[in-house]
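Novice: For reference, the sequence and a predicted model appear below.
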Amino acid sequence: MSASQGPVVRPYGDTTGDGMVQVSFTLPVPHDKRAEGAAIQLANRMGMDPALLVHAKQMGDGFTFFVVYGRVNHLVDLSAVQVVERDFPLLSAKEVNAVVKRRLRRKLSVVGACIGTDAHTVGIDAILNVKGIAGEKGLEYYRELSVTNLGAQVSVPELVEAARAARADAVLVSQVVTQRDAHLHNTREMSAAFREALPVGRRPLLIVGGPRFDESQATELGVDRIFGRGTTPGEVASYLVHALVTGRKVGAA
Ligand code: B12
């Protein structure tokens, strides 16, 4: 961080520190002049002053989508920002395979799924399938990992059974839909089911991922780790080795 930016920053729009932000939202009203006034009123109440309407479009009957650009006075204190930092070393696929082979002396078993009604498999496939993402191959590519990908809309009892059958060291669950906090409810249900089904020591490492999770919520959701937007397979493989092999958390055997 350079000294000119300081520990306190404000948003940048047209000129440094002008406080300009852009937000989008939908109001349950048909598109007309009054709807546009309503959008400006909301933006003002959110602390945007002045607030300029840059886009308004009716979305089906009785709904309008807005984009508003305007100034806020809020400051961001960078010294008070809290995030979950990566606390394990990033390993190459070769290093992951070598550590698992040398220290575990068997394949590390991973079971993955999208649970509940969630059918968004692209994220979990990006982590598990050979094709991977962002130029990295997925966990199926790792010689010392045995991967079972159960796909979409897997129920929690099915997942527990599959994890048991595969003697899973780690269970990887994806949750993309967040309507009515479905991702949080499903994750809690999943972690409770594993606590009930398997004693400590035989319970797999529980990992959830998806674009709208708060990575700091792992403990309260009963899982070991949460991975968010932009996760790569290499990060997940490195975490598995850290948590299960070098950190000696393996207990499923
Ligand atoms: C593709 C898509 C679909 C496809 C899914 C196809 C498939 N096989 O996956 C289809 C068309 C089926 C679909 C359907 C629906 N969709 Co949709 N969909 C999307 C879309 C456009 C892209 C999602 C995606 O593939 N991202 C790319 C992947 C690579 O990113 P990712 O999932 O974030 O994964 C990364 C990380 O999050 C992380 N990660 C994810 N999971 C995991 C798991 C683990 C263990 C780890 C370690 C990491 C990890 O790693 C991944 C790689 O970096 C999003 C909008 C968007 N632009 O995001 C909407 C979106 C997710 N869909 C949405 C909705 C509402 C739906 C439907 C309900 C629509 C409807 N009314 O029918 C249905 C629901 C179907 C269902 N039962 O789940 C909403 C969800 C809103 C919300 N608040 O929950 C979104 C956000 C669109 C929107 N803005 O409204 N959808």
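Specialist: Perfect, I can see it now. For clarity, every value in this text was computed on a predicted model and none was experimentally measured.
Novice: Now the stretch 51-200 of the chain against the ligand: closest residue?
Specialist: Across the stretch 51-200 of the chain, the shortest distance to the ligand (CB to the nearest ligand atom) belongs to residue 123, at 2.6 Å. For glycine as for every other residue, the C-beta is placed from the backbone atoms N, C-alpha and C.
Novice: that's a strand at that residue, yeah?
Specialist: No: counting by DSSP: H, G, I helix; E, B strand; the rest coil, residue 123 is not found in a strand; it is helix.
Novice: for the ligand, what are the nearby residues on the stretch 101-250 of the chain?
Specialist: 117-124, 126-127, 133, 172-174, 176-179, 207-211, 227-231, 236 (CB under 6 Å from any ligand atom).
Novice: Would you list the phi and psi of the residue nearest to the residue of the stretch 51-200 of the chain closest to the ligand when sequence neighbours are not counted?
Specialist: Spatial nearest neighbour of residue 123, excluding adjacent residues (CB to CB, 6 or more residues apart in numbering): residue 174 at 4.9 Å. Dihedral pair for residue 174: phi -110, psi 140, per degrees, to the nearest 10.
Novice: Residue 174 touches residue 126, doesn't it?
Specialist: No: at 9.4 Å, residue 174 does not count as touching residue 126 under the criterion of CB atoms under 8 Å.
Novice: Neighbour count for the two, which is higher?
Specialist: Neighbours per residue, other CB atoms under 10 Å: of residue 174 and residue 126, the larger number sits with residue 174, 26 against 19.
Novice: list the contacts for the residue nearest the centre of the chain?
Specialist: With distances taken as CA atoms, centre = their mean, the residue of the chain nearest its centroid is residue 228 (2.4 Å). By CB atoms under 8 Å, 6 or more residues apart in numbering, the contact set of residue 228 is 209, 210, 211, 212, 213, 215.
Novice: What is the nearest of the residues you listed to the ligand?
Specialist: residue 209 (2.3 Å).
Novice: Name the SS class of residue 200, please.
Specialist: Using three-state DSSP, the structure places residue 200 in coil.
Novice: actually residue 242, sorry about that
Specialist: helix.
Novice: Filter the contacts of residue 228 down to the buried ones and express that as a PyMOL selection.
Specialist: A single PyMOL command selects the buried members of the contacts of residue 228 (16 or more other CB atoms under 10 Å):
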select buried, resi 209+210+213
